[in-house]
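Asker: Sequence and predicted model, in that order:
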Amino acid sequence: MTSQSTAKSPTPDQIRRAPKVLLHDHLDGGLRPATIAELARATGYPRLPHTDPAELGRWFREAADSGSLERYLETFSHTVAVMQTREALVRVAAECAEDLARDGVVYAEVRYAPEQHLEGGLTLEEVVEAVNEGFREGERRAREAGHRIRVGALLTAMRHAARSLEIAELANRYRDEGVVGFDIAGAEAGHPPTRHLDAFEFLKRENNHFTIHAGEAFGLPSIWQALQWCGADRLGHGVRIIDDIQVREDGSVELGRLASYVRDKRIPLELCPSSNLQTGAASSYAEHPIGLLRRLHFRATVNTDNRLMSHTSMSQEFEHLVEAFGYTLDDMQWFSVNAMKSAFIPFDERLAMINDVIKPGYAELKSEWLFR
Ligand SMILES: [Zn+2]
């Protein structure tokens with residue numbers, strides 16, 4: 001392999017075919033607009049702003065782009081509202097796995113909050129089992145279409161609610177049946193993760209894994225609490241770690257104690273560029289901290305967060321980064337291996353994915369340039 005052959009920017013088609021790994025994606029943030037319209041009709045949900053899928057898709061994007069938190073949250077009230085039956089959950093999860101597979105994602109951890117899907121009378125267990133069934137169905141359909149994907153579930157508890165221990169216990173009960181870990185999500189301000197210490201301590205005693213949404217809008221104290229008080233294995237976003245990194249005029253860089261800790265301990269950062277642009281955590285792709293964090297060899301990973309609201313996909317995220325930073329297939333492979341190393345499945349299974357799927361996939365793409 002000549003260095004020239006790998007220094008080129010990959011084409012959109014190569015980006016799509018490249019094996020990608022996704023650690024931070026919300027099930028209720030990734031529905032197909034047509035599915036929302038159909039489920040609303042089937043369940044008699046009357047409050048959708050549009051019934052035409054194309055207009056509905058546009059509405060979601062614009063509401064998420066509006067800069068208004070109320071409108072942004074309204075988008076989730078609609079998706080969650082149509083995900084209250086077993087059939088709906090199975091369908092949404094199956095389509096999620098299918099869509100990710102078609103986009104070249106080979107491993108994904110998709111999260112959702114079981115407590116938000118009880119309005120139709122389902123129990124927490126029934127919610128988890130329906131989503132698991134959907135993921136298995138989606139994996140099967142992807143295989144039939146010639147794609148390969150494995151999807152694990154992360155159970156999310158809401159920061160403002162008081163059910164985190166119950167949800168952590170649920171995650172633990174289903175850990176060998178499709179659930180690979182636990183997460184805390186919701187507004188950071190006023191809802192510190194330390195309110196949920198009993199859930200985290202329970203999971204640690206059970207040798208289980210968890211990530212915490214921290215350092216998205218809120219700065220370093222939130223990251224510090226997630227790591228040093230709660231013991232998070234990964235940081236959901238964590239992008240504000242940039243506030244502890246000083247770049248001097250001559251280009252030299254100084255890391256504060258917390259940023260050093262995050263890099264030294266190889267704490268995975270679940271970075272979501274498009275989502276950050278929408279919430280104002282970054283002003284452009286070129287200015288997104290992922291460029292510096294990758295250069296400094298943090299354990300950075302690329303993620304979608306909410307594919308519907310951000311009108312994005314893993315390929316789309318990488319296209320933006322390739323354009324902003326001139327990333328090559330080597331960079332894409334670096335991000336993908338980083339993410340696979342940081343997954344919550346057992347070490348030998350992660351290694352097998354890296355050696356049998358990810359590395360051969362990138363080698364094949366790079367060889368296309370050699371023989372052209
Ligand atoms: Zn998120």
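Answerer: It's in.
Asker: Please count neighbours and contacts with C-alpha atoms only from this point.
Answerer: Fine.
Asker: care to break the chain down by domain?
Answerer: For the chain, automatic domain parsing gives the domain ranges 3-33+96-370, 34-82.
Asker: to the chain's geometric centre, what's the distance from the first one?
Answerer: Taking C-alpha atoms, centre = their mean, to the nearest Å, one finds the center of domain 3-33+96-370 at 4 Å from the center of the full chain.
Asker: And the average pLDDT for it is what?
Answerer: The pLDDT scores in domain 3-33+96-370 average 95.
Asker: The residue nearest to residue 226 when sequence neighbours are not counted: what secondary structure?
Answerer: Among residues not flanking residue 226 along the chain, residue 232 sits closest, at 5.7 Å (C-alpha to C-alpha, 6 or more residues apart in numbering). Three-state call for residue 232 (DSSP: H, G, I helix; E, B strand; the rest coil): coil.
Asker: re the thing from before, just the domains of the chain: most buried one?
Answerer: Among those, domain 3-33+96-370 has the highest mean neighbour count (mean count of other C-alpha atoms under 10 Å), at a mean of 20.
Asker: how about the strands in the stretch 251-372 of the chain?
Answerer: Here the stretch 251-372 of the chain has its strands, by DSSP state E, counting those that start in this stretch, at 253-255, 269-271, 300-302.
Asker: and the second one, what does it pack onto?
Answerer: Counting contacts by 3 or more C-alpha pairs under 8 Å, 6 or more residues apart in numbering; DSSP states H and E, the secondary-structure elements packed against strand 269-271 are strand 234-237, strand 300-302.
Asker: Give the pairing partners of that strand; include direction for each.
Answerer: With DSSP bridges as the test, strand 269-271 is paired with strand 234-237 (parallel), strand 300-302 (parallel).
Asker: got a list of contacts for it?
Answerer: Outside strand 269-271, the residues that touch it by C-alpha atoms under 8 Å, 6 or more residues apart in numbering are 23-24, 234-239, 290, 298-303.
Asker: picking that back up, who's in contact with the residue nearest to residue 226?
Answerer: Taking C-alpha under 8 Å, 6+ apart, we find residue 232 in contact with 209, 210, 211, 212, 226.
Asker: Recalculate using a threshold of 7 Å.
Answerer: 210, 211, 212, 226 (C-alpha atoms under 7 Å, 6 or more residues apart in numbering).
Asker: need the strands paired with strand 269-271 in TSV with distance to residue 7, can you?
Answerer: Listed next are these as TSV, based on distance: least, C-alpha to C-alpha, whole Å:
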stretch	distance to residue 7
strand 234-237	28
strand 300-302	20
